[in-house]
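Participant: predicted coordinates and the sequence they were generated for:
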Amino acid sequence: MYCRYCGKLIDDGAAFCPHCGSRLAEYAGGSFQTPHQAPAPQDTQQTKTPSTLATVAYVFMIIYTVLSGFFLIPLAWTLPMTLTFKNKIDKGLPVGVGFKVCTLLFVSMIAGILMLCDDQTP
Ligand SMILES: [Zn+2]
């Protein structure tokens, strides 16, 4: 398009004439240009407020991803350890201190503490 003030060829989407500096937003298709140019700063302001929340959400997603990974993967050993423990107490087999400590650390702290405090189970 051409600047209505100086008549020079300028970009169609230009809000201001680069040659004379005149504002062209209202001229170049009013409703198209003005809302396009005006809300742009608002959009960046609006996206800045949620972006903080989005960052927090992202951090929470990472935390929950790590936690879900942390809780899902241990199922690979928490289940066998629980079954092994059940097997041992059923058969009256001694439960090693290592197993108890491992239970405390990797399965359930309370269960491990109970096992370690339990004098009945060897
Ligand atoms: Zn101009």
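Facilitator: Sure thing, it's come through.
Participant: quick check: residues of this protein near the ion?
Facilitator: Applying CB under 5 Å from the ion, we find that the chain lies next to the ion at 3, 5, 6, 17, 19, 20, 22. Every residue, glycine included, has its C-beta placed from N, CA and C.
Participant: run the last query once more with 6 Å
Facilitator: With CB under 6 Å from the ion as the criterion, the chain meets the ion at residues 3, 5, 6, 8, 17, 19, 20, 22.
Participant: if we take those, which one ends up nearest to residue 75?
Facilitator: Nearest to residue 75 out of these is residue 17 (CB to CB; 66.9 Å).
Participant: surely the closest one meets residue 2?
Facilitator: No. The pair residue 17 and residue 2 fails to qualify as a contact (CB atoms under 8 Å) at a distance of 9.4 Å.
Participant: more neighbours: those two, which one.
Facilitator: Applying other CB atoms under 10 Å to residue 17 and residue 2 shows that residue 17 carries more neighbours, namely 21 against 11.
Participant: just give the closest residue to the more buried one, not the sequence neighbours.
Facilitator: With sequence-adjacent residues excluded and distances taken as CB to CB, 6 or more residues apart in numbering, residue 17 is closest to residue 3, at 4.1 Å.
Participant: who's in contact with that neighbour?
Facilitator: Neighbour list for residue 3: 10, 17, 19, 20, 22, 24 [criterion: CB atoms under 8 Å, 6 or more residues apart in numbering].
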